[in-house]
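> Have a look; sequence and predicted model below, questions after that.
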Amino acid sequence: MSATRISVDHVARVEGHGDIRVVIEDGAVTTCEMAVVEPARLFESMVLGRSFEEVPYIASRVCGICSASHVVTDLRAIERVFGVEVTDRTEALRELLVYGSYLQNHATHLFVFAAPDFLGHKSVFPLADANPELLERALGLKALGNELCTLVGGRSIHPITAVVGGFTHEIDAGEYRRLAEAMDAARDFVLASVDLFRDFDTLDIQTEGDLLAMVAPGAYPVCTSDTARFVEGGYEFSAQAVEDEIEEYAVGHSGAFLARARRTGRPYMTAALARVNASWDALCKDARYAAAKAGLRPPERNPFANNIAQAVELVDVLDRCAALCRRLAADEFSGAIAPVPFTVRAGRGVGFTEAPRGALFHLLELNGEGRVTRASIMTPTAQNIANLEADMRQLAEKMVAAGFDGDMIRLEIEKLVRAYDPCLSCSVH
């Protein structure tokens with residue numbers, strides 16, 4: 001019996017620590033695992049007994065890049081329990097805060113983590129030497145995301161101005177207009193980035209599972225809807241019923257829970273690619289044109305295309321943020337940002353946002369004093385791992401059938417893992 005074993009300890013250029021294990025025996029893939037080797041971080045236990053006011057700040061520490069999404073998700077869960085309806089202006093500021101993390105994440109992932117794969121480099125450092133302008137502009141885009149989060153959220157990570165019912169601080173109209181101009185100035189670079197990632201060669205595979213994303217009529221929502229859609233399954237559900245629709249389960253080789261749809265038993269992918277598939281028609285005009293030019297149209301099920309989808313979202317984010325900033329400067333949103341009055345009460349609520357890496361759910365149960373009696377967090381990466389493993393197996397099987405050797409299979413599997421943009425530290429929250 002001939003056997004090929006592919007082992008990658010601590011996959012490079014991803015957030016967190018994970019190992020790849022693939023075994024090929026007599027031309028058949030017998031083992032294919034994405035092992036998350038980080039220990040549990042126990043954030044769900046950390047918040048037990050804590051006041052609702054503390055929870056968003058604790059949960060934001062799950063992730064540095066996605067901290068804004070964790071804060072907003074917790075706030076939405078708490079507001080669901082208390083029956084709080086925030087103003088339009090508060091909703092606009094929350095969108096800006098979440099979009100700031102999109103700029104931070106997508107710029108880092110695409111140019112520091114993913115691009116070296118396709119340009120023949122083992123890390124970002126040779127890329128910096130070969131094309132310093134490309135990397136400088138990419139880091140400038142991330143810096144713009146940092147600035148947006150700082151001005152709206154009070155600091156670049158772990159925001160402090162977003163609270164239950166509103167915000168404690170807001171910048172002036174002049175700052176909004178300056179941010180809008182900065183967004184406009186970055187557009188040419190992100191449009192060129194879509195073309196750059198379009199030209200990279202990838203293997204043709206179709207993801208094994210479904211696609212999950214937030215949806216709303218006529219919108220490309222990131223934090224303003226309670227409705228999720230399984231694109232292939234063709235059905236929607238309220239985030240409040242997430243435990244009835246999504247099953248988390250453990251496996252022996254991973255420190256993270258995996259996930260599958262309860263109705264179908266299928267794994268699924270939640271990411272920029274899922275959002276583009278679910279809400280293609282609601283992309284901004286230039287983003288939709290850039291996507292079509294790059295060959296990214298629904299249905300698109302090649303997980304490698306998540307890189308292009310993130311580049312397309314950068315175009316979309318810049319257009320939306322510029323428009324939001326100009327409307328905020330012109331005072332076009334109703335209501336103030338000051339926290340609205342509310343009454344603390346017992347209950348259960350689920351917060352739902354689209355973090356940069358995909359759907360994020362926070363379930364909170366509070367007692368009459370507003371203290372947490374139960375908490376559950378479902379991060380995008382934890383939801384993605386089962387589908388990632390299935391796609392890794394499919395890729396390995398196709399490459400074995402085509403006669404590729406172990407080194408090439410290992411390289412392509414690593415590229416696939418990075419295309420998912422995993423945050424393995426977040427998966428063991």
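The structure has been received and is ready for your questions. All values reported here derive from a predicted model rather than from experimental measurement. Residues are numbered from 1 along each chain as shown.
> Quick check: closest non-adjacent residue to the residue positioned nearest the centre of the chain.
Compute the mean C-alpha point of the chain, and by C-alpha atoms, centre = their mean the closest residue is R357, 1.5 Å away. Distance criterion C-beta to C-beta, 6 or more residues apart in numbering; nearest residue to R357, sequence neighbours excluded, is P380 at 4.0 Å. No exception for glycine: its C-beta is placed from N, CA and C like everyone else's.
> isn't A128 right up against L139?
No. The criterion here is C-beta atoms under 8 Å, and A128 misses it with L139 at 9.5 Å.
> if we can go back for a sec, touching, the residue nearest to the centre of the chain and Y102? I think so.
No. Between R357 and Y102 there is no contact under C-beta under 8 Å: 9.9 Å.
> Can you pull the poorly scored residue ranges out of this structure?
Along the chain, segments meeting pLDDT under 70 span 1.
> Identify each buried residue in the longest helix along it, please.
Identified as the longest helix of the chain according to DSSP state H is helix 173-198. Of the residues in helix 173-198, 175-180, 182-183, 186, 189-191, 193-194, 196-198 count as buried by neighbour count, 16 or more other C-beta atoms under 10 Å.
> From what I see, L144 and Y102 are in contact.
No. The pair L144 / Y102 is not scored as a contact, 11.0 Å apart, by C-beta under 8 Å.
> what packs against the strand or helix carrying T73?
Taking DSSP states H and E as the criterion, T73 maps to helix 67-82. Secondary-structure packing of helix 67-82 (3 or more C-beta pairs under 8 Å, 6 or more residues apart in numbering; DSSP states H and E): helix 55-59, helix 88-108, helix 132-153, strand 162-163, strand 347-355, strand 358-366.
> so how far is it from its chain's centroid?
Relative to its parent chain, helix 67-82 has a centroid offset of 16 Å by C-alpha atoms, centre = their mean, to the nearest Å.
> Give me the angle between that helix and helix 88-108.
Interaxial angle, helix 67-82 versus helix 88-108 (axes from the mean of the first three to the mean of the last three C-alpha atoms, to 10 degrees): 150 degrees.
> relative to strand 347-355, how tilted is helix 67-82?
150 degrees.
> show me the contacts for the residue nearest to the centre of the chain.
C66, N105, T270, A271, T379, P380, T381, N384, D421, P422, C423, C426 (C-beta atoms under 8 Å, 6 or more residues apart in numbering).
> now these in TSV, with secondary structure and neighbour count?
Below are those laid out as TSV (DSSP: H, G, I helix; E, B strand; the rest coil; neighbours: other C-beta atoms under 10 Å):
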residue	secondary structure	neighbour count
C66	coil	29
N105	helix	26
T270	coil	29
A271	coil	31
T379	coil	31
P380	helix	29
T381	helix	30
N384	helix	32
D421	coil	27
P422	coil	29
C423	strand	26
C426	helix	27
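> got the residues you listed as a markdown table, with distance to T227 columns?
Formatted as a markdown table, the contacts of R357 follow (distance: C-beta to C-beta, whole Å):
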| residue | distance to T227 |
| --- | --- |
| C66 | 21 |
| N105 | 23 |
| T270 | 14 |
| A271 | 18 |
| T379 | 20 |
| P380 | 17 |
| T381 | 22 |
| N384 | 20 |
| D421 | 24 |
| P422 | 25 |
| C423 | 24 |
| C426 | 23 |
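> re earlier: hmm, G358 and the residue nearest to R357 touching each other?
Yes. Counting by C-beta under 8 Å, P380 touches G358, with 3.2 Å between them.
> between the two, what contacts are shared?
Counting by C-beta under 8 Å, 6+ apart, the common neighbours of P380 and G358 are T270, A271.
> all strands of the stretch 251-400 of the chain, in order?
Taking DSSP state E, counting those that start in this stretch as the test, the strands found in the stretch 251-400 of the chain are 258-261, 268-269, 347-355, 358-366, 372-378.
> among the ones you listed, which is nearest I205?
strand 268-269 (12.1 Å; C-beta to C-beta).
> so what secondary structure elements neighbour that closest one?
Under the contact criterion of 3+ C-beta pairs under 8 Å, 6+ apart, strand 268-269 touches strand 210-215, strand 258-261, helix 380-401.
> Could I get the contacting residues of A290?
Counted by C-beta under 8 Å, 6+ apart, A290 has contacts L191, V194, D195, A311, V312, V315.
> The nearest residue to Q104 once chain neighbours are set aside - how many residues pack around it?
Spatially, and ignoring its direct neighbours in sequence, Q104 is nearest to G145 (3.8 Å; C-beta to C-beta, 6+ apart). G145: 26 surrounding residues under other C-beta atoms under 10 Å.
> coming back round to it: ok now the longest helix of the chain, how far from the chain's centre?
How far helix 173-198 lies from its chain's middle: 20 Å, per C-alpha atoms, centre = their mean.
> Against which helices or strands is it packed?
Partner elements for helix 173-198 (3+ C-beta pairs under 8 Å, 6+ apart): helix 115-118, helix 132-153, helix 285-293, helix 306-329.
> and the second one, C-alpha only, in PDB?
Meaning helix 132-153. This file holds the C-alpha atoms of helix 132-153, laid out as PDB (Å, rounded to 0.1, in the frame of the first residue of the first chain):
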ATOM      1  CA  PRO A 132       6.600  48.300  -2.300                       C
ATOM      2  CA  GLU A 133       3.900  50.700  -3.800                       C
ATOM      3  CA  LEU A 134       1.300  47.900  -3.800                       C
ATOM      4  CA  LEU A 135       1.900  47.000  -0.200                       C
ATOM      5  CA  GLU A 136       2.100  50.700   0.900                       C
ATOM      6  CA  ARG A 137      -1.300  51.400  -0.700                       C
ATOM      7  CA  ALA A 138      -2.800  48.300   0.900                       C
ATOM      8  CA  LEU A 139      -1.500  49.300   4.300                       C
ATOM      9  CA  GLY A 140      -2.900  52.800   3.700                       C
ATOM     10  CA  LEU A 141      -6.300  51.300   3.100                       C
ATOM     11  CA  LYS A 142      -6.000  49.400   6.400                       C
ATOM     12  CA  ALA A 143      -5.000  52.600   8.100                       C
ATOM     13  CA  LEU A 144      -8.100  54.300   6.700                       C
ATOM     14  CA  GLY A 145     -10.100  51.500   8.400                       C
ATOM     15  CA  ASN A 146      -8.200  52.100  11.600                       C
ATOM     16  CA  GLU A 147      -9.000  55.800  11.400                       C
ATOM     17  CA  LEU A 148     -12.700  55.200  10.700                       C
ATOM     18  CA  CYS A 149     -13.000  52.900  13.700                       C
ATOM     19  CA  THR A 150     -11.100  55.400  15.900                       C
ATOM     20  CA  LEU A 151     -13.200  58.400  15.000                       C
ATOM     21  CA  VAL A 152     -16.600  56.500  15.300                       C
ATOM     22  CA  GLY A 153     -15.700  54.000  18.000                       C
END
